[in-house]
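Visitor: Here is my input, please return the structure:
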Amino acid sequence: MIGVVERLGAERGDRVSAGQPLLTLRAEVERANAGVAETRARVDADVLAARASLALAEQKLRRAQALVSAKFVSAQTLDQAAAELELARQKLAQTRGQQRIWAEERRVAEAQLALRTIRSPFAGVVVERFVDLGERVEEKPLMRVAVLDPLRVELMVPSTQYRAISVGDQLTIRPELPGIEPVSATVSQVDHVLDAASNSFRVRLSLPNPHNRLRAGLRCKADLAPVAVNSAPRAVPPSHQAATSLRFATSLQIPAAIRPVASSRP
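Guide: Okay, here's the model as predicted:
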C-alpha cells in the first residue's frame with residue numbers, strides 16, 4: 001500500500017482490539033470518489049420520471065382501448081399506445097438497473113476508502129511501530145501487533161523423549177523471573193520430523209496468560225514430567241516402561257522461550 005501517514009491510532013505498547021484503527025493514510029481522492037458515488041446513488045429523479053412516464057402510457061392505453069371499442073379510432077392507435085407502454089416499462093427497468101449499478105459503485109468507493117485505514121487483525125499489543133506521522137510508505141511494514149493471551153512456548157526436546165510427549169499433555173513451565181510461580185501449559189503441536197544435527201524435535205505449547213501477567217520473550221524451563229490431570233494415564237509399551245518411569249521420577253528440564261501466539265505486521 002502506497003500513501004502518506006495522516007493519523008496514528010496507536011503507539012508502541014498500546015493494547016488494541018480486533019478491528020481497531022492503527023493508522024490512516026491520506027485519502028482525499030478516495031473520499032471525493034466516495035462522496036460522488038454516494039450522491040449519485042441517492043438521486044432518484046430518473047426513477048420518478050420513468051414511473052411518471054409509465055403511468056401516462058398506461059392511461060393512454062386505457063383511453064385507446066375505450067376509443068377503439070367505441071370505433072372512434074383505428075386499431076393502429078391501440079397498437080401505438082401498447083408500444084409506448086412497453087417502452088415506458090423498459091425505461092423504468094433500465095433506470096432501476098442503473099441505480100443498482102450506482103449503488104455498487106458507491107460500495108466500491110467506500111471499500112477503496114476503507115483500505116486507507118489500517119486496522120488491527122486481532123486483539124493484542126502493539127510491539128513495534130515502523131512509521132511516523134507524515135511519512136510516505138510504499139509496500140513496507142507499518143506496525144507489529146502481537147497476541148499475548150495465550151502465549152506460545154517452544155521447546156527443543158531430546159529425541160529420547162519422543163514417545164513421552166503427546167498433544168494434549170500438560171507440562172510445568174518455570175519462568176526465569178523472580179516472583180513468578182510455575183505455570184501449566186498444554187502441548188499443542190509435536191513435530192513428526194527429528195532434527196538430525198541436534199538429535200532433537202520441536203514441541204509447541206499453549207500457555208494461558210490472563211491480564212498479560214507474563215511477558216513474551218521471557219526465558220523459561222519446561223519440566224517434562226506432565227502435570228497430574230483428571231484422566232487415565234496413557235498406555236506405554238513394555239519396551240519403554242523403564243524410561244518412562246525414570247522420566248516421572250527425575251524430571252528433565254528443558255530451556256525454552258515464551259513467545260506471542262501470533263504477530264502481524266500490517
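Visitor: Once you drop chain neighbours, what's closest to residue 15?
Guide: Distance criterion Cβ to Cβ, 6 or more residues apart in numbering; nearest residue to residue 15, sequence neighbours excluded, is residue 125 at 5.4 Å. (C-beta placed from N, C-alpha, C; glycine too.)
Visitor: Mind listing what's buried along the helix or strand hosting the one you found?
Guide: Using DSSP states H and E, residue 125 falls within strand 124-129. Within strand 124-129, the residues that count as buried by 16 or more other Cβ atoms under 10 Å are 124-127, 129.
Visitor: Just give me the closest of those to residue 205.
Guide: residue 124 (19.1 Å; Cβ to Cβ).
Visitor: And that closest one, what's its pLDDT?
Guide: On the pLDDT scale, residue 124 is placed at 87.
Visitor: residues touching residue 38, list them.
Guide: Shown in contact with residue 38 (Cβ atoms under 8 Å, 6 or more residues apart in numbering): 106, 109.
Visitor: re earlier: surely the residue nearest to residue 15 meets residue 13?
Guide: Yes. Using Cβ atoms under 8 Å, residue 125 is in contact with residue 13, at 6.9 Å.
Visitor: For residue 198, what are phi and psi?
Guide: Backbone torsions for residue 198, taken as degrees, to the nearest 10, come to phi -100, psi 0.
Visitor: surely it meets residue 157?
Guide: No. Judged on Cβ under 8 Å, residue 198 makes no contact with residue 157 at a distance of 10.1 Å.
Visitor: more neighbours, these two?
Guide: Ranked by neighbour count (other Cβ atoms under 10 Å), residue 198 and residue 157 place residue 157 first, with 21 against 10.
Visitor: and the nearest residue to that one once chain neighbours are set aside, what is it in contact with?
Guide: Counting by Cβ to Cβ, 6+ apart, residue 203 is the residue found nearest to residue 157 once chain neighbours are left out, at 5.3 Å. Going by Cβ under 8 Å, 6+ apart, residue 203 touches 154-157, 165, 187, 189-191.
Visitor: Out of the residues you listed, which sit inside strands?
Guide: Within the contacts of residue 203, residues falling in strands by DSSP state E are 154-157, 187, 189-190.
Visitor: most surrounded residue in those?
Guide: Counting by other Cβ under 10 Å, top hit in these: residue 155 with 25 neighbours.
Visitor: quick check: longest helix of the chain.
Guide: Using DSSP state H, we find that the single longest helix of the chain is helix 75-114.
Visitor: Now do the buried residues in that one.
Guide: Residues of helix 75-114 classed as buried by neighbour count (16+ other Cβ under 10 Å): 77-78, 81, 84-85, 88, 91-92, 95, 99, 102, 105-106, 109, 112-113.
Visitor: do stretch 168-181 as well
Guide: 169, 171-175.
Visitor: Generate TSV for those residues, with distance to residue 146, pLDDT and secondary structure as supplementary columns.
Guide: Below are these laid out as TSV (distance: Cβ to Cβ, whole Å; pLDDT from 0 to 100; DSSP: H, G, I helix; E, B strand; the rest coil):
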residue	distance to residue 146	pLDDT	secondary structure
169	26	90	coil
171	23	89	strand
172	24	89	strand
173	19	88	strand
174	23	87	strand
175	17	86	strand
